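Colleague: Next come a sequence and a model predicted from it.
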Amino acid sequence: MKVSIHEEAVYQGRKETMRLTGLSRNALMSGERQGIFPHVRVGKRVLYNVPAVLAVLDRMAQEGGSI
């Protein structure tokens with residue numbers, strides 16, 4: 001299945017977020033479970049606030065943190 005990315009959309013699905021951020025599925029889901037990455041659940045689907053996820057990653061890079 002081809003995943004379509006609407007880059008102007010703030011909230012993206014898991015696969016789209018992985019492509020835009022470069023995070024692996026495990027890293028993204030780990031950050032989700034730990035409450036690190038802002039997301040919402042819509043039924044069974046999880047949507048991530050991509051600009052906020054990127055801001056978290058920038059902050060973690062500056063502080064030397066990890067997921």
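Modeller: Arrived safely, thanks for sending. If you're wondering where the values come from, they're calculated on a predicted model, not measured in any experiment.
Colleague: Give the buried residues for the longest helix seen in the chain.
Modeller: Scanning the chain for the helix with the most residues, using DSSP state H, yields helix 50-63. Neighbour-count burial for helix 50-63 flags 50, 53, 56-57 (criterion: 16 or more other C-beta atoms under 10 Å). Yep, even glycine has a C-beta here, placed from its N, CA and C like the rest.
Colleague: Ok, stretch 22-35 next?
Modeller: Buried positions in stretch 22-35, judged by neighbour count with 16+ other C-beta under 10 Å: 23, 27-28, 31-32.
Colleague: Let's have the buried residues of helix 50-63 in TSV, adding distance to Gly43 and pLDDT.
Modeller: As requested, the buried residues of helix 50-63 are exported to TSV (distance: C-beta to C-beta, whole Å; pLDDT from 0 to 100):
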residue	distance to Gly43	pLDDT
Val50	20	96
Val53	21	96
Val56	25	95
Leu57	27	95
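Colleague: Just name the closest of the buried residues of stretch 22-35 to Gln12, please.
Modeller: Nearest to Gln12 among the buried residues of stretch 22-35, counting by C-beta to C-beta, is Leu28 at 10.8 Å.
Colleague: Now do the contacts for that closest one.
Modeller: Leu28 sits next to 14, 17-18, 21, 37, 48 when contact means C-beta atoms under 8 Å, 6 or more residues apart in numbering.
Colleague: of all these, which comes closest to Gly65?
Modeller: With C-beta to C-beta as the yardstick, the closest approach to Gly65 among the contacts of Leu28 comes from Phe37, at 12.9 Å.
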